[in-house]
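*Asks:* structure for the following, please:
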Amino acid sequence: MAPLKASLRYLAPFDRFVILSDLAPETVQDRLATAVERKDYTRTLFTPVRTPFEGWVDEDGFKVNRVTRYNNASHPIARGRLRAAHDGTCIEVSVRQPWTTLVFNALWFVLFAGLLVTGVMLMSTRAATVLIVVPLLTIVLASLLTNGLFWFDNDRTRRKLLEVVDGRLA
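*Replies:* Residues are numbered from 1 along each chain as shown. All right, here's what the predicted structure looks like:
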């Protein structure tokens, strides 16, 4: 099962990490609440960025994504659970792409995989080369682009969360 999980990471990237903070859980919750605003569906390129995150925070955890001036379909969504540790707070965070991005990528993959299979089936014709190379390149480039954007934004989300809760990675 582990190889399947590892290969799915390239199709639907996700990340898990643990943040340790010396602050009390209530203080961490307050800091997160200060750094998170409600989702603003009217945000534009010219809307000022007031907080680093948008989403929600409650006593058990949070669900946030980073606020940026640019909109990007693969902004990671971070879900976290707060729990008291013997010397502060332990925050378990899982990060994934939005469902809309995952569905779009799946449809994109199926469409171009179908073209690839068609190209292989028509191997004897001259058009088969185009039907093999173009879908293959499209699948590879789309995967590299969405994965690259995810990991780039994931790193920025992780650093901003560490800064907000004054924490360190476990």
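*Asks:* only C-alpha atoms from now on, for both contacts and neighbour counts.
*Replies:* Fine.
*Asks:* beyond the lowest-mean-pLDDT helix or strand in the chain, next helix or strand please.
*Replies:* In the chain, no helix or strand scores lower on mean pLDDT, DSSP states H and E than helix 2-11, which sits at a mean of 57. Sequence order places strand 14-21 as the next helix or strand after helix 2-11, per DSSP states H and E.
*Asks:* which helix or strand lies directly C-terminal to that following strand?
*Replies:* As assigned by DSSP H and E, the chain's next helix or strand after strand 14-21 is helix 25-35.
*Asks:* what about the strands in the chain?
*Replies:* 14-21, 36-37, 53-57, 61-66, 77-85, 88-96, 167-169 (DSSP state E).
*Asks:* switch these over to JSON lines; also include mean neighbour count.
*Replies:* Below are the strands of the chain laid out as JSON lines (neighbours: other CA atoms under 10 Å):
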{"stretch": "strand 14-21", "mean neighbour count": "17"}
{"stretch": "strand 36-37", "mean neighbour count": "20"}
{"stretch": "strand 53-57", "mean neighbour count": "21"}
{"stretch": "strand 61-66", "mean neighbour count": "21"}
{"stretch": "strand 77-85", "mean neighbour count": "19"}
{"stretch": "strand 88-96", "mean neighbour count": "21"}
{"stretch": "strand 167-169", "mean neighbour count": "16"}
